[in-house]
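Asker: Here is my input, please return the structure:
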Amino acid sequence: MSTREAAAQAFLARQGWGVAPLTPLAGDASFRRYWRVANGTRHAVLMDMPPDKLDLKPFLSVDAHIRALGYSAPEIFAAEPSEGFALLEDFGDATIATRITGGEDEATLYALAIDWLIDLHRKGAGAIPADLPRYDNERLLEEVGRFLLWYVPAVIGAEASDAAKREFDAVWRLLLPVARWVPDTLVYRDFHIENLMVLPRPGPAALGLLDFQDAVAGPITYDLASLLEDARRDVPAEIVAAMRARYLAAFPALSPDVLEASWAVMAAHRHVKCLGLFVRLAKRDGKPAYLGHIPRLWRMLEASLDHPKLAALGRWLDNHLPRERRVVPTP
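Answerer: Below you'll find the predicted structure:
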């Protein structure tokens, strides 16, 4: 038994669960780990966020806020932030991704996710808890900066020049205000179908929500792009078009051109960020499977560049990372 598993068993004992078997569940791109726990008729999910690497408190705070809005975040049965453990309601294994693989109707499942975003965004400022961090320029620039730190050196064998870095920063400082043409909301940030469940509950509560601890306050378009321009899977073009139309129909006062411009910037931001992040996961964290998503990220990023507002980013890429350099790095 590892030291962390022993600590998990001690946490369970303190919470009155005795010695309960721990069944590992699929992890994610962070240092978080999950176990399914059973004790008699009781069952739950144990989330492990090592306190020397991650802070459990934002998860607990966002969870409480989402549940107060009437949505389905897991109930917290017990938590010890100083130890990095929380005992969560178990939503099962059937994510939307799993259901689609099993043959359920893809459009219906995506509509459930879009309708949840519509309901959240209709709440306006009420969707945003007072203590939620802002998705400000500093945070957004740090995220796309991972592209320079990890992806660029991996494919050209050297760091980008100081001049190229300054130009890259200037391009994004011009783009980010366009992303803010739309209202702000609670941005889930990892709003994709591997983090979403279907529950036997009415209305928006039918969507079970996981892994929202990185939530911030930012443009409504970020989660739309995260869902429909998924870094991990190809979403059929007809579903993307139908879900865009479904969202716009719910907000008749929202200009389609404004939404499109903000969406293009936020989608490009996410794709650039993930190009850097996925290389970092492979090279630093020993998770090379993420490199398999690189070609998809480039396809989606290049599609985003068709929007006139992204012309400057397109020129930067053509000058510093031409198409023959847009490859999958070696692990």
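
Asker: can we go C-alpha only for contacts and neighbour counts from here?
Answerer: OK.

Asker: Give me the domain ranges for the protein.
Answerer: Per automatic domain parsing, the domain ranges recorded for the chain read 3-88, 96-325.

Asker: what stretches of the stretch 1-150 of the chain score poorly on pLDDT?
Answerer: The stretch 1-150 of the chain contains residues with pLDDT under 70 at 1, 26-30.

Asker: quick one: the helices in it?
Answerer: In the stretch 1-150 of the chain, helices defined by DSSP state H, counting those that start in this stretch lie at 3-14, 57-68, 96-101, 106-122, 137-146, listed in chain order.

Asker: Leu186 - that's part of a helix, no?
Answerer: No. Going by DSSP: H, G, I helix; E, B strand; the rest coil, the assignment for Leu186 is strand, not a helix.

Asker: Distance check, the spatially most central residue of the chain against Arg14.
Answerer: The C-alpha lying nearest the average C-alpha coordinate of the chain belongs to Asp190 (C-alpha atoms, centre = their mean; 1.4 Å). Plainly put, Asp190 is 32 Å away from Arg14 if you go by C-alpha to C-alpha, to the nearest Å.

Asker: Okay, buried residues for stretch 15-22 please.
Answerer: Neighbour counts over stretch 15-22 (16 or more other C-alpha atoms under 10 Å) mark 17, 20, 22 as buried.

Asker: sorry, back to before: put together TSV for the helices of the stretch 1-150 of the chain, with mean neighbour count on each row.
Answerer: TSV is the format used below for the helices of the stretch 1-150 of the chain (neighbours: other C-alpha atoms under 10 Å):
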stretch	mean neighbour count
helix 3-14	15
helix 57-68	17
helix 96-101	17
helix 106-122	18
helix 137-146	16
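
Asker: Quick one: closest of those to Arg325.
Answerer: Among the helices of the stretch 1-150 of the chain, helix 137-146 comes nearest to Arg325, with 17.0 Å by C-alpha to C-alpha.

Asker: what's the closest one packed up against?
Answerer: In terms of contacts (3 or more C-alpha pairs under 8 Å, 6 or more residues apart in numbering; DSSP states H and E), helix 137-146 is packed against helix 162-179, helix 256-283.

Asker: ok, now with 7 Å
Answerer: With contacts defined as 3 or more C-alpha pairs under 7 Å, 6 or more residues apart in numbering; DSSP states H and E, helix 137-146 has these neighbours: helix 256-283.

Asker: Does anything pack onto the helix it packs on? Which helices or strands?
Answerer: helix 137-146, helix 162-179, helix 221-228, helix 294-304.

Asker: Deepest-packed of these, please.
Answerer: Greatest average neighbour count among the helices and strands packed on helix 256-283 goes to helix 221-228 (a mean of 24), per mean count of other C-alpha atoms under 10 Å.

Asker: quick one: contacts of that one?
Answerer: 187-192, 235, 240, 262-263, 266-267 (C-alpha atoms under 7 Å, 6 or more residues apart in numbering).

Asker: mean confidence for it?
Answerer: Helix 221-228 shows a mean pLDDT of 98.

Asker: circling back: of all the helices of the stretch 1-150 of the chain, which one comes closest to Leu87?
Answerer: For the helices of the stretch 1-150 of the chain, proximity to Leu87 was assessed by C-alpha to C-alpha; helix 3-14 is nearest, at 8.4 Å.
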